[in-house]
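Participant: generate a structure from the sequence data that follows.
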Amino acid sequence: MPNPSPLAEYIAEKTSTGGDLNTGFVAFLASLEQISSVSPEVVTAIVQELDDQSNSLKMIASENYSSLAVQLATGNLLTDK
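Facilitator: Next comes the predicted model:
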């Protein structure tokens, strides 16, 4: 049996515990799942970049960080670059 996707795991966890689904996170996971079906390397790069943005200090005055909602609205998870 293949491993369930992160999206399926998230939905299963939330429905089993009665928790509310974060629709932005569902959209994010669905986007990554779709991209992964074409290019898993791109998904790895996106996840690594988002991790770097969250955990590393970048001293670039002109760089702006957009919310997940803005990234999903523009259809680009790398909007911050």
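
Participant: and the contacts of the helix or strand hosting Ile35?
Facilitator: Per DSSP states H and E: Ile35 is located in helix 23-38. Helix 23-38 is contacted from outside by 5-7, 10-11, 42-43, 46-47, 68-69, 72, 77, using CB atoms under 8 Å, 6 or more residues apart in numbering. Glycine gets a C-beta too; all of them are placed from N, C-alpha and C.

Participant: buried residues, stretch 35-46. List them.
Facilitator: Under the neighbour-count criterion of 16 or more other CB atoms under 10 Å, stretch 35-46 has 35-36, 43, 46 buried.

Participant: now the helix holding Ile35, how far from the chain's geometric center?
Facilitator: How far helix 23-38 lies from its chain's middle: 7 Å, per CA atoms, centre = their mean, to the nearest Å.

Participant: ok, and for it, which residues are buried?
Facilitator: Those would be 27-29, 31-32, 35-36, for helix 23-38 by 16+ other CB under 10 Å.
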